[in-house]
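In: please work out how this folds:
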Amino acid sequence: MRTSDQLGEPGFRSLYRRLLSTAPGAASPRGALDTLTPDRVLAAVREVRSGRTVSLASPVNTVAAPDDPRPAEHRLTAPQGGVPAPGGGLEFARDRFAMDVHGDVNTHLDALCHVLYDDTVHGGLPAADALTPEGARTLSADLVHDGVVGRAVLLDIPGLHGRPWLEPGTSVTAEDLEAAEARQGVRTGPGDLLLVRVGHRRRREELGPWDASVARAGLDPAALEFLAERRVAVLGGDGNNDTAPSPVRGVDFPVHVLAVHAMGLHLLDYLRLEEVLPVCVAQGRWSFLCVIAPLRLPAATGAPVNPIAVL
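Out: Purely as a prediction, here's the structure:
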């Protein structure tokens, strides 16, 4: 684990170029999803042992907090005032929901158009060609409208270090990922959905919310080479995958730049892994079938998701 600046912007750009040349999804319009072949989906189905299902999403937050000043809005629109009309008969309860897709609390998927770097999006496409005031023309969340189904591998980094969570500002290294694999008896492979637990959600639930935009645990940027070597399809975490303060001077979200922009990895931010964790411990296994079904938002830069682990 690391807790201080490790990389300047020139070193970061060198890492970016290496990933562009080595990551399997760097040159593909579908990004790293190309590694999730039908054969690998069938193999993932064979991961199911007990048939138990567990949500990997957090409840949608509707209360303003230091990490969510603009929470989701939910209100009942019928019956009027929430009170059924007198006299009985047929009525329908109806409601309306609105939210910012990207933020520091709610579970969501980042589309490949989400990260702009050097005026481009994934694949080097000019951002001005990809995005309009009406939404994304390409690389939107609709790219995964058929869902993502595959083998997920959960690596518990606080468990590796005997802690309930990693403190904000801590970065998870490739050595941490390899050590967690060895401890848990699992290996991440091609087409896998890699889920990295830093304990963000548990810390929030036990200590209360804080401004996660300025302080959170995440991945060290150099750890993305581990993901490229293992040819993973999706990266998810119970934070937003990036450390704050940033370990790269001059780049605030280096993991997002490397993962989404360079490697073509869809990111799952702010998962809730506290329910599946004890199931993995009890069953003595850290891989499982995972089903991700984003809402069909054709021009969106991301989507709320409720990933389901099937063990």
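
In: what residue lies at the spatial centre of the chain?
Out: Closest residue to the average C-alpha location of the chain: L268 at 1.4 Å, with CA atoms, centre = their mean.

In: and the nearest residue to L131 once chain neighbours are set aside, what is it in contact with?
Out: Spatial nearest neighbour of L131, chain neighbours left out: C113 (6.5 Å); criterion: CB to CB, 6 or more residues apart in numbering. C-beta coordinates here come from the backbone N, C-alpha and C atoms, glycine included. By CB atoms under 8 Å, 6 or more residues apart in numbering, the residues touching C113 are V121, H122, A130, L131, A136, T138, L139, S140, T301.

In: among these, which are in strands?
Out: L131, A136 (DSSP state E).

In: how many residues are close by G88?
Out: G88 sits with 7 neighbouring residues when counted by other CB atoms under 10 Å.

In: so what pLDDT did it get?
Out: The per-residue pLDDT reported for G88 equals 73.

In: what of L227?
Out: Looking at L227, its pLDDT reads 98.

In: and the nearest residue to H102 once chain neighbours are set aside, how far is that from A141?
Out: Using CB to CB, 6+ apart and skipping residues adjacent in sequence, the residue nearest H102 is G302, 5.7 Å away. Using CB to CB, to the nearest Å, G302 is found at 6 Å from A141.

In: common neighbours of the two, please.
Out: Common contact partners of G302 and A141 (CB under 8 Å, 6+ apart): L109, A111.

In: these two: which has the busier surroundings?
Out: Neighbours were counted for G302 and for A141 using other CB under 10 Å; A141 has more, 29 against 23.

In: hmm, that one is touching L297, no?
Out: Yes. At 5.2 Å, A141 counts as touching L297 under the criterion of CB atoms under 8 Å.

In: who touches both of these two?
Out: Common contact partners of A141 and L297 (CB under 8 Å, 6+ apart): A303.

In: the stretch 151-300 of the chain: helices as residue ranges?
Out: Using DSSP state H, counting those that start in this stretch, the helices of the stretch 151-300 of the chain run over residues 157-160, 174-184, 200-207, 224-230, 254-256, 276-283.

In: single out the most deeply packed of these.
Out: helix 254-256 (a mean of 25; mean count of other CB atoms under 10 Å).

In: by contact count, what packs against that one?
Out: Here helix 254-256 touches no other helix or strand, going by 3 or more CB pairs under 8 Å, 6 or more residues apart in numbering; DSSP states H and E.
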